[in-house]
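> take this sequence and fold it.
(one chain, ligands or ions: 1)
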Amino acid sequence: MPKCTFCGNSIERSTGKIFVYASGKVINFCSRKCEKNLLQLKRKPLRVRWTEDYRKATKKDQKNVKK
Ligand SMILES: [Zn+2]
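Numbering: from 1, shown residues only. As a prediction, this is how the structure comes out:
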């Protein structure tokens, strides 16, 4: 399963969207929310609170999730 480039959630088969830049770089989106945040609003995942990158960067999920 591919992961959403923006929020980091795994994408179910036959859902989401694959976006290909003219340069050939491929990114995946789980929802229009993520697509809009990255392409239109040009937000960085590290600066958006609901993404996995943000949680990893701030280490806020370490207390709740034990692997
Ligand atoms: Zn997403």
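> now do the buried residues in the lowest-mean-pLDDT helix or strand in the chain.
Each helix and strand of the chain was given a mean pLDDT (mean pLDDT, DSSP states H and E); the minimum falls on helix 52-58 at a mean of 89. The neighbour-count check on helix 52-58 (16 or more other CB atoms under 10 Å) flags Asp53, Tyr54, Arg55 as buried. For every residue, glycine as well, the C-beta is placed using N, CA and C.
> same deal with stretch 25-33?
Ile27, Asn28, Phe29, Cys30, Ser31.
> would you mind naming the residues that bridge with the second one?
Going by DSSP bridges, Asn28 is paired in beta bridges with Ile18.
> which residues of this structure lie near the ion?
Cys4, Phe6, Cys7, Cys30, Cys34 (CB under 5 Å from the ion).
> got the contact list for the third one?
Same thing as Cys7. Cys30, Cys34, Pro45, Trp50, Thr51, Glu52 (CB atoms under 8 Å, 6 or more residues apart in numbering).
> can you check the pLDDT for it?
As predicted, Cys7 sits at a pLDDT of 94.
> now do the phi/psi pair for it.
phi -90, psi -20 (degrees, to the nearest 10).
> how about the nearest residue to Phe19, chain neighbours excluded?
Ile27 (5.1 Å; CB to CB, 6 or more residues apart in numbering).
> no no, Ser10
Met1 (4.6 Å).
> ok, Trp50 next?
Cys7 (6.5 Å).
> where does Gln62 land on pLDDT?
Gln62 is given a pLDDT of 63.
> hmm, back to that, report the two of the residues of the chain next to the ion separated the most.
Phe6 and Cys30 (7.9 Å; CB to CB).
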